[in-house]
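Participant: return a 3D structure for these sequence lines:
(4 chains, ligands or ions: 4)
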Amino acid sequence: MPEPASTFGAGIDSIYYIILWITGAIFVLVETALIVFIIRYRHREGRVAAYSHGNKKAEIVWTVIPFILVLFIVYASNDIWLEVKRADQGGAAPADALPLRVVAKQFEWNVTYPGPDGELDTADDFVKRNQLHVPIGRAVRIDLGSEDVIHSFFLPDFRVKQDAVPGMTIPVWFEATRTGEFPLACAELCGLGHYRMRASLTVHEAADFDLWQSQEIAASGSPTGASEIDTERANEAEISEGEESA
Amino acid sequence: MSEAAAIHAHAPRPMEGIRVYNVKLGMWVFLLSEVMFFSGLIGAYIILRFANPEQWAAPGEVLNVTLTAFNTFMLICSSVTMVKAFAAIEHGDQAGLKRWLLATIVLGAAFVGIQVFEYIKLAEHGFVPMASQYAADGGGPLYGSTFYTMTGFHGAHVTIGVLCLIFTLVKALRGHYTEEYYSGVEIMGLYWHFVDLVWIILFTIVYLI
Amino acid sequence: MANKKPNYYLVWLYLLVLTIAEVGVAFLSGLPFEVLVFILLSLAIWKAALVAMYYMHLRFEPPRLVIIALAPLPLAVLITIVVVTMEVF
Amino acid sequence: MSTTQLLAPNVTAQHWADPSHPDDRPFIRRYIFSTDHKTIGNQFMFMSLFFLLVGGALAMMIRWQLGWPGQPMPGGGVLPETMAPGGILLPEFYNSLVTMHGTFMIFFAIMPLLVGMFGNWLIPLHVGASDMAFPRLNMMSFWSAVPAGFIMLASFVVEGGAAGAGWTAYPPLSAVPEYSGVSTGQQLWCVSLIILGFSSLMGAVNYITTIVNMRAPGMTWMRMPLPIWSLFITAILILLAIPILAGAAIMLLFDQTIGTTFFLPEAGGQPLLWQHLFWYFGHPEVYILILPAMGVASEVIANGSRKPIFGYPAMVGAIVAIAFLGWIVWGHHMFQSGMNPLLGSSFMLSTMIIAVPSAIKVFNWLGTIWRGDIHFHTPMLNALAFVGMFVIGGLSGVFMASTPVDIYIHDTYFIVAHLHYVLFGGSLFAIFAGIYFWFPKFFGRMLSPTLGKIHFALTFVFYNLVFFPMHNLGLGGMMRRIYDPNQYGFLEPLQPMNTFVSVFALALGVSQLVFFFNILWSLWRGEKAPENPWRSNSLEWSLASPPPHGNFEAMPAVYRGPYEYSYPGRGEDFWLQGEPPDGGAVHAPTGGAPVGEGVPQ
Ligand code: HEA
Ligand code: HEA
Ligand code: CUA
Ligand SMILES: [Cu+2]
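Facilitator: Numbering: from 1, shown residues only, chains lettered A, B, ... in the order given. Ligands and ions are numbered 1, 2, ... in the order given. As a prediction, the model looks like this:
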């Protein structure tokens, strides 16, 4: 897994490693027992199998121990899950979060930025295709939607994945901890262009983000690039990085 | 029992089982899957209705409840006639079996007929399952889609039931059933009552709520 | 099996009365929606139970068949409950 | 009323074999429209093996594209322009490949192999019946599965190609042709599955009735061989789950054809509704695919270890528990779907608890081989591999069941690895074990043990080399169902691993030819099979190989459980269930039903 770049990434990874240790131990135990028994009790002249219908005590032990283990895994997982989903806040992102809107459609991601006033659905909003820019150290709230089919908003480095379902607006949030450029992928089969429905996420220092935003507004003066219809066939393979930021 | 054992010399000892003969057990088992089929449709209906309350009209506003209440009445009557047919053959009353089966067929066919009539009338008022053509006063397209799907599948069950009843009647006319051998009538009855039972639920959910 | 035969006409009358009651409740009462739904569903289940018990003879079957027949009901109830919780959220 | 009247329908279904009466059914009734459960079992076997081959061939094309993206596929030139111009697979064709691979494997290969083939073969023989309760319904079950399969296959050649929305067919993609580019194919997918659903339902009604009502005297519930227990529970799952799929598929078909909007948001429909219905069916479905495999493996492992199964009551209880819990976990496929996260928590809990009955099964298998006298015949090798591989698949399930971990691995190759570990490593290895085990009984000839062991060794090694690295691909972030991973910079470093996987996938495919050859060759040339080659206990092993039409000469009686291996003080290390206690005189079976049971009073 890539190194986590969001605030909750490390938490998610830690539960992954807990499970890896537990299941790893069980795996080694079971497979070793299997192999040892296979070798130890292989047929030999004169060997007689034990006649036994089981052992209640042993069975109770190996019922109760896994039960305790899975309850522990559930307990540990649920903590992080509720934190990621902010269940105690009814799913709402942190109050000072930067609001963005991401609308998926075959086969692109359209991002609406709130502009300098920091609010969506105002005159200074602007739209970028396949480019997500966020500042570091500030929570981002994304209202995720889709125009046509189900897509899935996948930021591998941020441990973020959320299906974008037409007819629903689903809140997603994260807070970046590293600057740089990261992939944004589509993880739900959405048609023939599913495999190339990619975009990039750029994490800026806070000041750079404001700078980028004012440059964008200056460059276009108006919302850009929202509705080009992408009908090109996949195998014609003429999609280059350059035209996406046009 | 000794009598039976003597007749079936090949099977001296009876099998393990639950004291219900195969065909009847099989029919019950099949009906369980029908329960799940209709539960799935009803579950979908509930989800869609909760999500879009504005698409549902008040009872009686679009649908003709009086007509359907009458239809419900007929289906309930057909259940009595069916069970009377079964009671008749249990006592070896061949004439009664035929009479009551015929009555059930007539009532069942009338139910389907009225339903078709209802569909035609509703469609004339723009109450259709297709989202793009929905034009009834009140309600929305999902109202139409779920209505036709649920009542349509029930209607299909009634139609199949009527066909099977006709088949049963033909057999009865040929004297196939006796006081000793009436499993065909009994399982026909189970199916028919089940279809009635489903309608009781659907009528309430679709027309009255 | 058929030692206690129910009076089928009586059951029929019962069903009829309940149906009329249902239609009546649906149209005449000014009850709040939730109460209405509750009453109507109860009546419907009552009727369904009558059909199953008397017309389908479930009352007179061996208990094991009854268990088999009732087996899917928890599942049907379950899907409804989950569906409702899902929507209410 | 007298006692005979209701007996009639029950007993007339039993035609006990009469050796003085040779089987004189004409060819068609004997081999094609046969109502004999053994013939129908064979028919299911050949049909499903054919579809396994189809599914396998599709997998080879998938792996070609992923291993060498954009390279012309050898032999791909024979495919039409709409699929692979110049042998290079098109992305829309790739989507169809994935969809049809999953669909064929699950619905037309593994499910009919386990339920159609083993169900038909084993149920009447194991419970001591002459045939299924409803032989004609049984025949109809097979003859509706065949058209369903060919409709599915035919969708490749219709305008627009085969269904391409994944085997899970999520709408709106699956409902609107403009979105997927597939119209007729997607409809045929629904139609085919609805027909197949009927086929499965007919089978399930038959199995349940036969098992409940037609067990031979003395075959009490707790003396049933475990394959029968698992097939019984599986039949219940089929009975209750398939109608949900049928209902959902019908609604989807309406959305596609007459313009309803159950799953389309424009007029208030709910895309998530499909997912709920599909997975409400779908999770029980995956247990439909593993429970019979567990039953078969239990049978073979007890036989191969020459030991009674460890903790039989717990094994039965675990089957029931897995099946029951299987109904309340479907939401684990929808953690990232936009469903209420609190529901996610409860689904995580119920899903994890399934590890407990699964643990009982695994440890009891280990307990069975412990202090055994293990004979490594081919069935046993495959059954042991089943245990080893199912554990891997099950443990990877625990990762995905953890909601936060699933955020990252959902819809990646980690899932693909999981599902192949449980479906190939689990179900398919158990199917191999079962085929090697019962082939002699049903065709009267042994499968070649040498070829069998070669097939096992190649399959086991290549299988792990193909599917284990997929965990790493998934952890590297590689999404499922993508035509060309190299579109993403971060996936480019994974290409060598993809190529590695593909090389061994091709090797795996080719090594299955050993198996197919073994079957075909042994059918005609194999060594003649004795009555009881594996010295096993259940009722069928006292019959001729293959058993005559009608199976038993007279109603058999059962005197003990199915796993009485190595009973101390006996000369033999096995003890047939139908052998009377003192080896000769016929007693009333102990613990059996008193005379008069099974008949209404
Ligand atoms: C035969 C089929 C089969 C079986 C048996 C299973 C068994 C399990 N599956 Fe799997 N599953 C599939 C077939 C199967 N699955 C398929 C086909 C998919 C993909 C569908 C798609 O999207 O296309 C899928 C997807 C899938 C998902 C969805 C992932 C996603 O899309 O994000 C999840 C999530 O929870 C899951 C979990 C589990 C669990 C917990 C089990 C458990 O039953 C496993 C239990 C077993 C064990 C745990 C091992 C033995 C136990 C021990 C040795 C004891 C000790 C263990 C502990 C204490 C942990 N499966
Ligand atoms: C029981 C089920 C089963 C089985 C046995 C298999 C077997 C195989 N699967 Fe399967 N697979 C699924 C069920 C199964 N799969 C499902 C449900 C999906 C999800 C679909 C979806 O996303 O919708 C999936 C998806 C899936 C993917 C993911 C595709 C994607 O997401 O883009 C891949 C990729 O590698 C793959 C590969 C393979 C391979 C290499 C085999 C090999 O093991 C195949 C080996 C071959 C055989 C067992 C048959 C023998 C064949 C021959 C004898 C022919 C020989 C021909 C030549 C040599 C040309 N499968
Ligand atoms: Cu969008 Cu996949
Ligand atoms: Cu599942």
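Participant: got a list of what residue D:391 touches?
Facilitator: A:26-27, A:30-31, D:362 (Cβ atoms under 8 Å, 6 or more residues apart in numbering or on different chains). (Each C-beta comes from the backbone N, C-alpha and C, glycine too.)
Participant: is residue A:172 in a helix, a strand, or coil?
Facilitator: Secondary structure, DSSP: H, G, I helix; E, B strand; the rest coil: residue A:172 is strand.
Participant: just to revisit the earlier point, pick out whichever of the contacts of residue D:391 sits closest to chain B.
Facilitator: residue D:362 (30.8 Å; Cβ to the nearest Cβ).
Participant: let me know whether that closest one touches residue D:389 as I believe.
Facilitator: No. Contact criterion Cβ atoms under 8 Å: residue D:362 and residue D:389 do not qualify, at 11.4 Å.
Participant: that older thread, so which of the contacts of residue D:391 is the most crowded?
Facilitator: residue D:362 (24 neighbours; other Cβ atoms under 10 Å in any protein chain shown).
Participant: using the three-state scheme, assign it.
Facilitator: helix.
Participant: hey, which helix is longest across chain B?
Facilitator: Using DSSP state H, we find that the single longest helix of chain B is helix B:141-173.
Participant: now for that one, which elements pack on it?
Facilitator: helix B:22-51, helix B:94-124, helix B:183-202, helix D:226-257 (3 or more Cβ pairs under 8 Å, 6 or more residues apart in numbering or on different chains; DSSP states H and E).
Participant: TSV for the ones you listed, including mean pLDDT and mean neighbour count?
Facilitator: Formatted as TSV, the helices and strands packed on helix B:141-173 follow (pLDDT from 0 to 100; neighbours: other Cβ atoms under 10 Å in any protein chain shown):
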stretch	mean pLDDT	mean neighbour count
helix B:22-51	90	22
helix B:94-124	93	17
helix B:183-202	92	23
helix D:226-257	95	25
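Participant: how about these in CSV, adding distance to residue D:66?
Facilitator: Formatted as CSV, the helices and strands packed on helix B:141-173 follow (distance: least, Cβ to Cβ, whole Å):
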stretch, distance to residue D:66
helix B:22-51, 36
helix B:94-124, 50
helix B:183-202, 48
helix D:226-257, 29
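Participant: over to residue A:141. Which of the three states is it?
Facilitator: strand.
Participant: quick one: the longest helix of chain B to helix D:226-257, angle?
Facilitator: 120 degrees (axes from the mean of the first three to the mean of the last three Cα atoms, to 10 degrees).
Participant: what about residue C:81, distance to residue D:237?
Facilitator: 20 Å (Cβ to Cβ, to the nearest Å).
Participant: what do you get for residue B:168?
Facilitator: In terms of Cβ to Cβ, residue B:168 sits 32 Å off from residue D:237.
Participant: can you check residue A:209 too?
Facilitator: Distance from residue A:209 to residue D:237, by Cβ to Cβ: 54 Å.
Participant: phi and psi next, for the closest residue to residue D:29 other than its chain neighbours.
Facilitator: Leaving aside its chain neighbours, residue D:29 sits nearest to residue D:35 (7.9 Å; criterion: Cβ to Cβ, 6 or more residues apart in numbering or on different chains). Backbone torsions for residue D:35, taken as degrees, to the nearest 10, come to phi -110, psi 10.
Participant: so who does the closest residue to chain A within the stretch 101-250 of chain D touch?
Facilitator: Residue nearest to chain A within the stretch 101-250 of chain D: residue D:173 (4.2 Å; Cβ to the nearest Cβ). Taking Cβ under 8 Å, 6+ apart as the contact definition, residue D:173 lies against A:149-150, A:189-191, D:165, D:179-180.
Participant: and which of these is nearest residue D:292?
Facilitator: For the contacts of residue D:173, the residue nearest residue D:292 by Cβ to Cβ is residue D:165; the value is 28.4 Å.
Participant: can you name the residues that contact the closest one?
Facilitator: A:189, D:95, D:99, D:171, D:173-174, D:180, D:182, D:186.
Participant: bridging residues for residue A:204?
Facilitator: residue A:135 (DSSP bridges).
Participant: next one: it, what pLDDT does it get?
Facilitator: Reading off the confidence values, residue A:204 has pLDDT 92.
Participant: quick one: contacts for it?
Facilitator: A:133-136, A:179, A:211-212.
Participant: still on that earlier bit, just the element for the spatially closest residue to the residue of the stretch 101-250 of chain D closest to chain A that is not a sequence neighbour, please.
Facilitator: In space, and not counting its chain neighbours, residue D:173 is closest to residue A:149: 4.2 Å by Cβ to Cβ, 6+ apart. Per DSSP states H and E: residue A:149 is located in neither a helix nor a strand.
Participant: where does the residue of chain C found nearest ligand 1 fall, secondary structure wise?
Facilitator: Closest contact between chain C and ligand 1, by Cβ to the nearest ligand atom, is at residue C:82 (16.5 Å). Per DSSP H and E, residue C:82 falls inside helix C:73-88.
Participant: tell me the spacing between residue A:205 and residue A:179.
Facilitator: 6 Å.
Participant: actually residue D:151, sorry about that
Facilitator: 55 Å.
Participant: again, but for residue D:455
Facilitator: On the measure of Cβ to Cβ, residue D:455 and residue A:179 end up 54 Å apart.
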